[in-house]
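Chemist: sharing a model that was predicted from the sequence below.
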Amino acid sequence: MSDRRDLLIIGGGLVGMALALAAARKGMSSHVVDRADPAELTAEGFDGRASAISTASWNLFCNIGIGEGLEPFACPIASIAVTDQMKPGRLDFTPEPHEGSLGRMFANRQLRMALFEAAKNEPLIAWHAPVDIVARERGEFGVSATLADGTVLEAALMIGAEGRRSPTRDEAGLKMATWDYSHRAMIVGLDHEKPHDNVAWEIFYPAGPFALLPMLDGPQGQHRSALVWTVSEKDAAGVVKLSDRAFLAEVQKRMGDLLGEVSLNSRRTSYPLSFQHTARIIGDRLALVGDAAHGMHPIAGQGLNLGLRDVGALVEVLADAQHLGLDLGDPQVLKRYEEWRALDSLMVMSATDGLTRLFGIPGKLASTVRRAGMAGVQRSSFLKHFFMDEARGMSGQLPELLKA
């Protein structure tokens, strides 16, 4: 049995499903194929994973119809505080009242639930999950994926959205520049004694950043934040084995009395950190989006937002092509997408990689130089507004779907 649609989106995570919904808004149909079970991804309970959604990404969510439902679960980021090991010389990014927040924090589960519910109700989306793909084909006139049960899904264009270990990208032979940071991110949800006042903290240590991200208060009014703590890979095994009590003692040591006494409200998870950038994000009837195209350090929380900018650009390019009666898999159509995304993705990834290396230099002299640089930025309203616009995702050529 065959069912041909406009797009064959392989990977139904946050970026893949946002792409399907954005395409549907422009009248394009899609197959969305994923190995993961949606019921498991939206199961009750907080796993500590959360995402900072930039202003531009929030505009996309509103434009694809999920913003209103998500708003009650958003914790606004009123300001960002950056410090080198909690030493004097703190850098604050606080927008003017009329400029709104710097973004919104969400538990990933809430984002998935909103996207999945919208997808279920969208007739232009055929959602296949959990399923395995046994064959992918890209030909002169279309693409297809054969599922384990023999079902063949056909489309004009294949999109790889499976994340960092994208089989679609690897099968296409699209090469990556990649290196391992030899660091691991420890992720957990925290309850804490003092309110966070909607401030996101980025505390830099030589082993890596220690980020405290504001979340909505818990059901009993508990003050909550998400922790993303980067540790050296050589120390990671020991940190993972720590009891909850010992783990909290190490956390408290790094944040001091910033939020008062802390406790865990989720299980602890961890994952290795690496950099990967695919110079070519298109192939014959193929486009890559999100982490399949570029995976970065979580230092500035920009990974998901970069993927959502891919979504906005790709959908705009495809909608323009459709309006002109062009084949969605036309090489010139895909080339426009690649060229549009090349500079933005490279700049964001280079910046996060540079920050990781700059703050990773140990020693008092390096710390003094960093804090002097931060003090210079703190005094410059131009530089601070530049960095805040970058954090909001409101710089450069924005796709229409990412505009208010």
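Modeler: Looks like it arrived, so ask away.

Chemist: can you list the low-confidence ranges for the stretch 251-400 of the chain?
Modeler: Within the stretch 251-400 of the chain, the stretches with pLDDT under 70 are 297-301, 346-347, 349-362, 365-372, 374-388.

Chemist: in it, which spans are helices?
Modeler: Taking DSSP state H, counting those that start in this stretch as the test, the helices found in the stretch 251-400 of the chain are 303-323, 331-359, 364-379, 381-392.

Chemist: spatially central residue for the protein, please.
Modeler: For the chain, L304 is the residue whose C-alpha lies nearest the centre (Cα atoms, centre = their mean; 1.5 Å).

Chemist: once you drop chain neighbours, what's closest to it?
Modeler: S51 (5.0 Å; Cβ to Cβ, 6 or more residues apart in numbering). Heads up, the C-betas are built off the backbone N, CA and C, glycines and all.

Chemist: ok, which stretches of the stretch 1-150 of the chain are strands?
Modeler: Defined through DSSP state E, counting those that start in this stretch, the strands belonging to the stretch 1-150 of the chain, from first to last, are 2-10, 30-33, 50-53, 75-76, 79-84, 91-93, 104-107, 125-128, 133-138, 143-147.

Chemist: closest one to T278 among these?
Modeler: Nearest to T278, of all these, is strand 2-10, at 15.3 Å by Cβ to Cβ.

Chemist: quick one: distance of the host helix or strand of A155 to the chain centre.
Modeler: Assessed by DSSP states H and E, A155 sits inside strand 152-160. Offset of strand 152-160 from its chain centre (Cα atoms, centre = their mean, to the nearest Å): 24 Å.

Chemist: that strand to strand 133-138, inter-axis angle?
Modeler: Per axes from the mean of the first three to the mean of the last three Cα atoms, to 10 degrees, the angle that strand 152-160 makes with strand 133-138 is 70 degrees.

Chemist: next, the buried residues of strand 152-160.
Modeler: L153, E154, A155, A156, L157, M158, I159, G160 (16 or more other Cβ atoms under 10 Å).

Chemist: distance check, the closest residue to K335 other than its chain neighbours against P331.
Modeler: What sits nearest to K335 in space, not counting adjacent residues and going by Cβ to Cβ, 6+ apart, is I282, at 6.8 Å. Taking Cβ to Cβ, to the nearest Å as the measure, I282 falls 8 Å from P331.

Chemist: those two: which is more packed in?
Modeler: Under the criterion of other Cβ atoms under 10 Å, the comparison of I282 against P331 puts I282 first, with 24 against 12.

Chemist: identify the bridge partners of that one.
Modeler: A287 (DSSP bridges).

Chemist: separation between it and V289?
Modeler: 11 Å.
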